[in-house]
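Asker: Coordinates only, no sequence provided:
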Ligand SMILES: [Zn+2]
Ligand SMILES: [Zn+2]
Ligand SMILES: [Zn+2]
């Protein structure tokens, strides 16, 4: 049972941390555990072995329930119990296939047994290999547009294989303009976040193109502000 928190000088937050650091460490370490490990999942089919590293209040579930609950969050990392520790795995390894052009639903024009496209998506939480089906309907948008509709900015407009989440581009833009981080610094940080133990194993293709992030986002931002300034009331709503 967790002992009561020590109360120090009420207005000194550092003192409070110093006095209660063992409790804080215990609480943080508890996040690494998992209540109900290997118990029967709520679906009553699988066992609770997998939890999300990116959701708040994440519960252990079986792999299928994990995939089901992450249909619209394919870039959350899964942490799967391997008998010794929770091993970080991509959703692709659990069987995730991303469907573009119809929200998370499959395009009706996809031929059964056709091969999905391999994409690399660079996000604030690392580099993800994903398998995706693009919409193939008669009125389908071009691939780059389908990626942008899903929140992924393509590395190229001609048959893109790499894309960057909009949140990553905003974050990289802030780091470079406020913190003066170079594209290399940002790329290295993303590689380290993806795999801190084996940084060199993080795919180079995505990282090379990530040097485009700063340039592309600056251009987008400038273009966006130009659009706003051409609208009489636009600047009132411009982002700060
Ligand atoms: Zn389940
Ligand atoms: Zn999640
Ligand atoms: Zn379609």
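Answerer: Received it, and whenever you're ready, just let me know what you need. Just so it is clear, the model here is predicted, and its values are computed rather than measured. Ligands and ions are numbered 1, 2, ... in the order given.
Asker: What about the spatially closest residue to residue 117 that is not a sequence neighbour, how many residues nearby?
Answerer: Using C-beta to C-beta, 6 or more residues apart in numbering and skipping the chain neighbours, the partner closest in space to residue 117 is residue 132 (5.4 Å). Where C-beta positions appear, they are placed from N, C-alpha and C, glycine not excepted. Using other C-beta atoms under 10 Å, residue 132 has 23 neighbouring residues.
Asker: Tell me where this protein is predicted with low confidence.
Answerer: Applying pLDDT under 70 to the chain flags the ranges 1-10, 203-240.
Asker: cutoff 90 now
Answerer: The chain contains residues with pLDDT under 90 at 1-37, 56-59, 83-85, 103-105, 110-114, 153-162, 164, 166-240.
Asker: Pull up the residues of it that are close to ligand 1.
Answerer: Contact residues, the chain versus ligand 1 (C-beta under 5 Å from the ion): 41, 43, 46, 62, 65.
Asker: Buried among these? Make that a ChimeraX selection.
Answerer: Buried residues within these, by 16 or more other C-beta atoms under 10 Å, are selected in ChimeraX with:
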select :41,46,62,65
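Asker: Same list, the residues of the chain next to ligand 1, but as a markdown table with distance to residue 110 and secondary structure please.
Answerer: Shown next, in a markdown table, are the residues of the chain next to ligand 1 (distance: C-beta to C-beta, whole Å; DSSP: H, G, I helix; E, B strand; the rest coil):
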| residue | distance to residue 110 | secondary structure |
| --- | --- | --- |
| 41 | 29 | coil |
| 43 | 26 | coil |
| 46 | 27 | coil |
| 62 | 27 | coil |
| 65 | 25 | helix |
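Asker: Just the closest of the residues of the chain next to ligand 1 to ligand 2, please.
Answerer: Proximity of the residues of the chain next to ligand 1 to ligand 2 (C-beta to the ion) peaks at residue 65, which lies at 11.8 Å.
Asker: rewinding a little: doesn't the residue nearest to residue 117 belong to a strand?
Answerer: Yes - counting by DSSP: H, G, I helix; E, B strand; the rest coil, one finds residue 132 located in a strand.
Asker: so what's it up against?
Answerer: Neighbouring residues of residue 132 by C-beta atoms under 8 Å, 6 or more residues apart in numbering: 97-100, 116-117, 119.
Asker: give me the subset of the residues you listed touching ligand 2.
Answerer: Among these, not one lies near ligand 2 by C-beta under 5 Å from the ion.
Asker: And what about the residue nearest the centre of the chain, helix, strand or coil?
Answerer: In the chain, the residue lying closest to the centroid (C-alpha atoms, centre = their mean) is residue 75, at 3.9 Å. What three-state DSSP gives for residue 75 is coil.
Asker: so how far is residue 168 from the closest residue to it other than its chain neighbours?
Answerer: Leaving aside its sequence neighbours, residue 75 sits nearest to residue 123 (C-beta to C-beta, 6+ apart; 4.8 Å). Applying C-beta to C-beta, to the nearest Å, the value for residue 123 to residue 168 is 5 Å.
Asker: same thing with residue 23?
Answerer: 35 Å.
Asker: What of residue 154?
Answerer: To residue 168, residue 154 is 13 Å away according to C-beta to C-beta.
Asker: quick one on the thing from earlier: report the buried members of the contacts of residue 132.
Answerer: 98-100, 119.
Asker: In helices, which of those residues appear?
Answerer: Applying DSSP state H to these, no entry is found in helices.
Asker: Tell me the buried residues in the helix or strand containing residue 22?
Answerer: Residue 22 belongs to helix 13-30 when assigned by DSSP states H and E. The neighbour-count check on helix 13-30 (16+ other C-beta under 10 Å) flags 16, 19-20 as buried.
Asker: Likewise for stretch 107-125?
Answerer: Quick answer for stretch 107-125 (16+ other C-beta under 10 Å): 107, 110, 119-125.
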